[in-house]
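Trainee: my questions are about this predicted structure, shown below with the sequence.
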Amino acid sequence: MTQKRDSATWPTGAALVHSIRSADVEEGTAAFWHLGQASWIVKSARATIAFDLFLMPSSGQLQRRFEPPVTPAELDFLDVAFCSHDHLDHLDPYAVEGIAKASARTTFVVPESAASQAVSLVGSPARVVVGEVDAVIDVAGVPVRTVPAAHGTGRDPIAECVWERDPVSGWRFVGFVVDIGGVRVYHAGDSEIYPGMVDRLAPLAIDVALLPINGRDWFRERHGIIGNMDEREAAYLSHAIGARVLVPMHYDMFAGNPGSPGRLVDLCAAEFPGQAVVVPGRCSRWTFRPE
């Protein structure tokens, strides 16, 4: 049995909400809170956004290593909520529906293949925006560029990695490059490295790259655990695209699908000593300030 850490050792509930709401974020900076897995809240002086909020509590076969630090009803202050694809831990129906009910101000951004699901959860097509791949759109005053991601479908004999647009359902897996508070943030969603990825991202002058590090292997995928890039690939990708800071994600939620931030730091120190790596404390504020 996996032992769950006492959530009292990091901010949760009202304390976490107060930390975000009351944060005085300077112009030209962005504050980050990692809520586990690929879930982030990012705040600037003008907007508060979220990526891939996974807030469904443990039950049955869904056993988290730690329970959600907040409920959807408590997040009634988000301007934009991004969902990178339709897997449960990235487009969580409990989170999307709950946030939509709690806040009429929140706009949801999804890939085109998830649009109908998002509309059914949000209750209004006017509040759901489809990210246009390789185009910049304005969402609630936040410039957003959607980029393809490479992720797996199926599991027999091994997940097929998909990064191109499906002619029927459209783009299924995406990441987002968002300008907030003068900081350019790349949230990769679930992704491996795919042909043309570096060429697509390198010209974008990314400040903060939020990259998964849980990796993939045949044995996990035979059990339906579809993986991503690992620590080495994340390090090489961040260096190749010139990201100023690499921040790992997608390593801490499930006992059978881990990654190692420590290994990532060691790899960068040995192979890319100029690459800054930050591992924020869970649910604790980290602020990026451009030099």
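Mentor: That came through, no problem.
Trainee: lowest-confidence helix or strand of this structure?
Mentor: Using mean pLDDT, DSSP states H and E, helix 218-222 stands out as the lowest-scoring helix or strand of the chain, at a mean of 80.
Trainee: so how far is that one off the chain centroid?
Mentor: Distance, stretch centre to chain centre, for helix 218-222: 23 Å (C-alpha atoms, centre = their mean, to the nearest Å).
Trainee: for it, packing partners?
Mentor: Using 3 or more C-beta pairs under 8 Å, 6 or more residues apart in numbering; DSSP states H and E, no helix or strand is in contact with helix 218-222. From N, CA and C alone the C-beta is placed, and that goes for glycine too.
Trainee: for Phe288, which residues make a bridge with it?
Mentor: In this structure, Phe288 has the following beta-bridge partners (DSSP bridges): Ala30.
Trainee: got a list of what it touches?
Mentor: Thr29, Ala30, Ala31, Phe32, Val183, Asp207, Val208, Val245 (C-beta atoms under 8 Å, 6 or more residues apart in numbering).
Trainee: which positions within the next helix or strand after the least confident helix or strand of the chain qualify as buried?
Mentor: Taking DSSP states H and E as the definition, the helix or strand that follows helix 218-222 towards the C-terminus is helix 231-241. Neighbour counts using 16 or more other C-beta atoms under 10 Å place Glu231, Glu233, Ala234, Ala235, Tyr236, Leu237, Ser238, His239, Ile241 of helix 231-241 among the buried residues.
Trainee: on that earlier part again, top of the contacts of Phe288 by neighbour count?
Mentor: Using other C-beta atoms under 10 Å as the neighbour definition, the contacts of Phe288 reach their maximum at Ala30, which records 27 neighbours.
Trainee: and the pLDDT for the residue most central in space within the chain?
Mentor: When the chain is reduced to its mean C-alpha position, the closest residue under C-alpha atoms, centre = their mean turns out to be Ala38, at 3.8 Å. As summarised for this prediction, Ala38 has a pLDDT of 98.
Trainee: so it sits against Ala50, correct?
Mentor: No - counting by C-beta atoms under 8 Å, Ala38 sits too far from Ala50 to count as a contact (10.8 Å).
Trainee: show me the shaky parts of this structure.
Mentor: Residues of the chain meeting the criterion pLDDT under 70: 1-8, 154-158.
Trainee: buried sites along stretch 69-89?
Mentor: Using 16+ other C-beta under 10 Å as the test for burial, stretch 69-89 gives 69-72, 74-87, 89.
Trainee: check the offset of that stretch from the chain's centre.
Mentor: On C-alpha atoms, centre = their mean, the centre of stretch 69-89 falls 10 Å from the chain's centre.
Trainee: quick one: end-to-end length of it, please.
Mentor: Distance across stretch 69-89, first residue to last, is 14 Å (C-alpha to C-alpha, to the nearest Å).
Trainee: the chain should start at 4 in everything you say after this.
Mentor: With 4 as the first residue, the last one maps to stretch 72-92.
Trainee: picking up where we left off before, make a markdown table from the buried residues of helix 234-244 and add distance to Ser116 to it.
Mentor: What follows is these, written out as a markdown table (distance: C-beta to C-beta, whole Å):
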| residue | distance to Ser116 |
| --- | --- |
| Glu234 | 29 |
| Glu236 | 25 |
| Ala237 | 25 |
| Ala238 | 30 |
| Tyr239 | 29 |
| Leu240 | 24 |
| Ser241 | 27 |
| His242 | 31 |
| Ile244 | 25 |
